[in-house]
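Asks: Provided below for reference: sequence and predicted model.
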Amino acid sequence: MTIQQPGHFNRSDWRLMAISLAVFLIYAFYALSYVLLTPYPGIEVTSFASGWLINDTVQEDLEIEDILVQIGDLTYEQYREDRLEVPFQGYQPGESVPNVIKADGETVTLVMPEPSVDDRLKRLVATLWFFPFWLAGTAILLFLRPRDRRWQLLIATMYLTALWTVVGSIANWQVGASRYLALIVGWAMVPVFLHLHITVPNPLKIKWHRPIVTAMYGIALILAIVELLHLAVSSLSVVVIGLAILTSFGLLIYRTVSRRTPVSDRHSARLMLAGLGLAFGPALLLFVFPLVSDISVPTALALGIAFISLPILPISYTYAIYK
């Protein structure tokens, strides 16, 4: 694949720019929803197996790692069943909200604070990881040649990951049907990500290539419908995305060690492998390590490192393609 030098846009390029603009407008909607429409209760929560896990708080009576099972009249079961329910919605600054903590069933009253400029800025910054993937996707969209299946997969990977980062930032609050979009984007990422690493830098010679690829998309579609209909365990898509990343590691390792891989492809695969490892490796270790040891890692730290390392992926993949 080659990079076309920037020049005058033709009609086809302007149509492609419309795709890029559409992705950006989706980002803008959810970024503004997170900053302007999402409640500011003085805590940040993550949807956990049995409740809302607090990973940041300025409320004196609540601590990090506390798990809430009820917020006002909204129980965690109702929240999980209805993906349009927004925690703390309808409460204004200064109003009191009763919260039930799972550990002892104690009810703790939270007073909604007045959001500051810093609070809004923090939420805006949390959505900015969208940009490295969007910029890489747009650069590939406009300048990479030839415009073949590899080109399509690279663009889809970058844009889907860009959207996943922003809706992932807001999905716990479920504002603007963000949890629905997070599920759809997450399930779309799985076959696209695997298909990318089967096809780029050049397609692997796999027996029954087309049926395998078709099966990947079909299974992802079925599982997406199953999860959307509440017929599977919650967050199944997150687990499968993790498996897709591990499988992609394996495919890239195979490319780097296989004698059947051309030298140029082997070099590109090494760059992609390094980028994939640096982008997702720290996050996988920080989330998996507590599962196999007695040492816990603060949720805020794990999430912070995960988001900081993500932009390495589009940078390394774009550079590998350029080389």
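Replies: Ah, there it is. Numbers count the residues shown, from 1 in each chain.

Asks: can you give me the helices for the stretch 1-150 of the chain?
Replies: Listed in chain order, the helices of the stretch 1-150 of the chain (DSSP state H, counting those that start in this stretch) span 11-32, 76-81, 117-126, 130-143, 149-170.

Asks: same for the shortest one, what does it pack against?
Replies: Pointing back at helix 76-81 there. Secondary-structure packing of helix 76-81 (3 or more CB pairs under 8 Å, 6 or more residues apart in numbering; DSSP states H and E): strand 67-71. Placement of C-beta: from N, CA and C, glycine included.

Asks: 10 Å instead?
Replies: With contacts taken as 3 or more CB pairs under 10 Å, 6 or more residues apart in numbering; DSSP states H and E, helix 76-81 sits against strand 43-47, strand 67-71.

Asks: and the first one, C-alpha only, in CSV?
Replies: What follows is the C-alpha trace of strand 43-47 in CSV, where atoms were taken according to Å, rounded to 0.1, in the frame of the first residue of the first chain:
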residue,chain,number,x,y,z
ILE,A,43,-18.8,10.7,42.1
GLU,A,44,-17.6,8.8,39.1
VAL,A,45,-19.0,5.2,38.7
THR,A,46,-18.3,2.1,36.6
SER,A,47,-21.0,-0.5,35.9
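
Asks: Distance from the chain centre to that strand, please.
Replies: 16 Å (CA atoms, centre = their mean, to the nearest Å).

Asks: The last one too?
Replies: For strand 67-71, the distance between its averaged C-alpha position and the chain's averaged C-alpha position is 24 Å (CA atoms, centre = their mean).

Asks: neighbouring contacts of that strand?
Replies: Here strand 67-71 makes contact (CB atoms under 10 Å, 6 or more residues apart in numbering) with 39, 41, 43, 45-46, 48-54, 62, 74-79, 85-89, 91, 97-103, 105, 107-108, 110.

Asks: What about those, which are in strands?
Replies: Using DSSP state E, the members of those that fall in strands are 43, 45-46, 52-54, 74-75, 97-101, 107-108, 110.

Asks: which one of the residues you listed is nearest Ile253?
Replies: Thr46 (31.6 Å; CB to CB).

Asks: any idea how far the closest residue to that closest one other than its chain neighbours is from Ala126?
Replies: Excluding the flanking residues, the one nearest Thr46 by CB to CB, 6 or more residues apart in numbering is Leu53, at 4.7 Å. Remark: distance between Leu53 and Ala126 (CB to CB, to the nearest Å) = 17 Å.

Asks: before we move on, what about Leu273?
Replies: Note on Leu273: its distance to Ala126, by CB to CB, is 28 Å.

Asks: out of the helices of the stretch 1-150 of the chain, deepest packed?
Replies: Most buried of the helices of the stretch 1-150 of the chain, by mean neighbour count (mean count of other CB atoms under 10 Å): helix 149-170, with a mean of 23.
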